[in-house]
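>>> Show me how the following folds:
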Amino acid sequence: MPTLVTSYFLQSSVAGDTSTLSTPSFTPATGEVLVIKAVTWDTGTPAGTPSGGGQTYTRRSIVAPGGFNGYATIFTSVVLGLPGSMVVTLSAPAGNCYHSMVVERWTGVQLAGTPATSSPGNGSGAPSATVTTTAANSIVTWASMDENSRDPTGRVYVSGATEDGIADGHTSVSSVHYYAYQNAAVAGSQTIGMSTPSTQAWVMTGIELQAQVLPSPGAFMTFFE
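Modelled structure (predicted):
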């Protein structure tokens, strides 16, 4: 099963601004997988793009359905070389808005060429989507936002998900952003989302992180014979 080293949650002013968001400095190991999840309060105001450590960041999913909705996206990066101490910075969003991000550091992960992603991307009520994972012992990591700005007190995640960030702008009607991840022990349909608050106007996106599969000892023996 993949292991979370740590995660970093950052947010802008709840009133909205065009600030960049940067993690504290950290020193990753070669092969760590970085997951950058970003949300804004407006579907028409895209989040920025990540950079840092001389690494390559690949966008894996994006949800921007238009109308009265938010914006959510996920990037990944596999750490190459020895970058030493580094930060991940999310560039400024396309306009003034309440925005946030979570950066996760994972070990024991391999990424499919095209990781499984969630569907549907938006709706009303209690947020719920499905990721059809393709491998056993995966992690599904996801981000969701509520344009209705419901009070997140008493929030309940489904499928045993673990929260690793919340941007709570409900008191100023600035949206609420949720970040979480969950185990997916068996390949197949995995439900992500929440049962409470149940009256949200939500967008959500999630991806599968597969467990790294190492060659068996027998494979090396055969190679050297």
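>>> just checking, residue 186 touches residue 134?
No - using CB atoms under 8 Å, residue 186 is not in contact with residue 134, being 11.3 Å away. The C-beta positions use only the backbone N, C-alpha and C, and glycine is treated the same way.
>>> residue contacts, the residue nearest to the spatial centre of the chain?
Residue closest to the average C-alpha location in the chain (CA atoms, centre = their mean): residue 37, at 3.5 Å. Neighbour list for residue 37: 72-74, 101-104, 141-143, 165, 179 [criterion: CB atoms under 8 Å, 6 or more residues apart in numbering].
>>> same check, this time on residue 63
Neighbouring residues of residue 63 by CB under 8 Å, 6+ apart: 71-73, 121-122, 203-205.
>>> now the helices for this structure?
217-224 (DSSP state H).
>>> Report the helix or strand with the lowest average pLDDT across it.
helix 217-224 (a mean of 51; mean pLDDT, DSSP states H and E).
>>> Which members of the contacts of residue 63 are the farthest-apart pair?
73 and 122 (13.3 Å; CB to CB).
>>> Tell me the bridge partners for the residue nearest to the centre of the chain.
Counting by DSSP bridges, residue 37 is bridged to residue 74, residue 102.
>>> For residue 213, see how far away it is.
Taking CB to CB, to the nearest Å as the measure, residue 37 falls 25 Å from residue 213.
>>> same question, residue 102
26 Å.
>>> Those two: which is more packed in?
Ranked by neighbour count (other CB atoms under 10 Å), residue 102 and residue 213 place residue 102 first, with 29 against 9.
>>> separation between the more buried one and residue 134?
Distance, residue 102 to residue 134, by CB to CB: 24 Å.
>>> Work out the gap between stretch 184-204 and the centre of the chain.
How far stretch 184-204 lies from its chain's middle: 13 Å, per CA atoms, centre = their mean, to the nearest Å.
>>> what's the first-to-last distance across it?
Stretch 184-204 has an end-to-end distance of 18 Å (CA to CA, to the nearest Å).
>>> same check, this time on stretch 103-120
Terminal-residue distance, stretch 103-120 (CA to CA): 23 Å.
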